[in-house]
Every structure is written in C-alpha cells, then in structure tokens.
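Trainee: Take this sequence and fold it.
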Amino acid sequence: MDKIPISLPVVVEGKYDQIRLSSVIDATILTTQGFGIFNNREKRALLQALSKNGIILLTDSDGAGSMIRSHIQSFIPPDKIYHLYIPQIEGKEKRKKTPSKAGTLGVEGMEPELLRQLFQTFADRHAMKEKKPRSITKADFFADGLTGREGSAVLRNALCARLSLPADMTPTALLAAVNMLLDYPEYQENMAAIQKG
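Mentor: The predicted structure is shown next:
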C-alpha cells in the first residue's frame, strides 16, 4: 500500500514511534527523544525553524505525552501546531515486558491502518482548509453545551469517545482536534447523535 504524502514535519516521542509511522506516511518524522526535548536546545531550535509552515504533533495519549505536547506549545505558536491524537487503547507494545504506567498503547503500538486513517483524514482536512470552509468555533461549543455549563465535561467526553480521542481533553484542545477531524456539518451530526443519547 502506498504511503500517504504529508508535506509538514511530524513530531513524535521516540524512535519506535518514528519507525511505525515511517511505514505509513511519506514525511519528515522527528522525535523529541521523550523528555529529552526539555533540555535539548538544538532540537528546540530545529522545531522552531521547521514550524514556520506548521508541524504535526502526535504524542502518546498519556500523562507523559501531554507534558511533551504542552512543552512544545510553550515555544511554538499555537497556530503553527496541528494536533493529532491516537485513541486510548489498553495494552502493551510487543517489545516491552510490562505495560506503560497508563496501561495504554502508544503511537508505536497503534495498528498501521489506524495511523493511516488518522493521517489520511488530516491530509483531506488540510486540503479542505485551504479552501476556507466554515470552522467550528468556541461559540459553537458554547451553544452546543460543550463549554460554560453544568455537564459540559460529560458532553466533551462523549464527543471524544465518538471521535476516538483521549478523554478529559481541555475545550481548547478538543476544539483544535474537532476542526482537524470534522467539517461543520459532520460536527453537527455528531452533536445531534450525542444529544439523542
């Protein structure tokens, strides 16, 4: 099967994530070397330079992945980062003796077909964004009860579950992810399904 061409650099945590992704996409794939990014000025400078047209950030859906994601956001402008997320799937990678602290699979443990779908969706949405379709906004989130109301967190988690995103995402992170994954009519369909229960 052909690799999906991705024009933007992709940032992952480690070399095994890089190896797994390289079988699915044709792109420049960089690693943070796990928490190594916190003390590596050269890597930070490289990511800043490469982010001029944008970078794709794909970390594990656990606490460590969130910390790395937050750190990168501290030195790259938010409008230059495209956030992709893997679903939280229980298990352990084949090369490891024990599961991760969170007990979930990381990027390296994802099935190639799942990663292929994730990046194909990104490629399709990215092409559409250049045609300037209507974005989902903070006002939409408020109007649909995803923010500012009692029970908003429950609704956000329901939307996360429908989209195979990690639970308990912040409204800002979820909004960015939704805009990557859905167009406005698809967002409306998902919200209608959630509200039907």
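
Trainee: ok, G14 to R41 distance?
Mentor: Taking Cβ to Cβ, to the nearest Å as the criterion, G14 is separated from R41 by 19 Å. Glycine gets a C-beta too; all of them are placed from N, C-alpha and C.

Trainee: now I81
Mentor: With the distance defined as Cβ to Cβ, I81 ends up 19 Å from R41.

Trainee: neighbour-wise, which of those two wins?
Mentor: The residue with more neighbours, out of I81 and R41 and counting by other Cβ atoms under 10 Å, is I81; that gives 18 against 7.

Trainee: Quick check: chain neighbours aside, which residue is closest to the more buried one?
Mentor: Across the structure, with Cβ to Cβ, 6 or more residues apart in numbering as the measure, the residue nearest I81 apart from its sequence neighbours is L57 (5.4 Å).

Trainee: Just say helix, strand or coil for that neighbour.
Mentor: Taken by DSSP: H, G, I helix; E, B strand; the rest coil, the conformation at L57 corresponds to strand.

Trainee: Across the sheet, point out what pairs with it.
Mentor: The partner list for L57 in beta bridges (DSSP bridges) reads V11, H83.

Trainee: Point to the residue nearest the middle of the chain.
Mentor: For the chain, the residue whose C-alpha lies nearest the mean C-alpha position (Cα atoms, centre = their mean) is L84; its distance is 1.8 Å.

Trainee: Spit out the contact partners of that one.
Mentor: With contact set as Cβ atoms under 8 Å, 6 or more residues apart in numbering, L84 has these partners: I56, L57, L58, L118, F119, F122, A177, M180.

Trainee: Tell me the pLDDT of it.
Mentor: Predicted confidence (pLDDT) at L84: the value is 94.

Trainee: Kindly tell me how buried the spatially closest residue to it that is not a sequence neighbour is, as a neighbour count.
Mentor: Nearest non-adjacent residue to L84, counting by Cβ to Cβ, 6+ apart: L58, 4.6 Å away. Here the neighbour count serves as a burial measure; for L58 (other Cβ under 10 Å) it reads 25.
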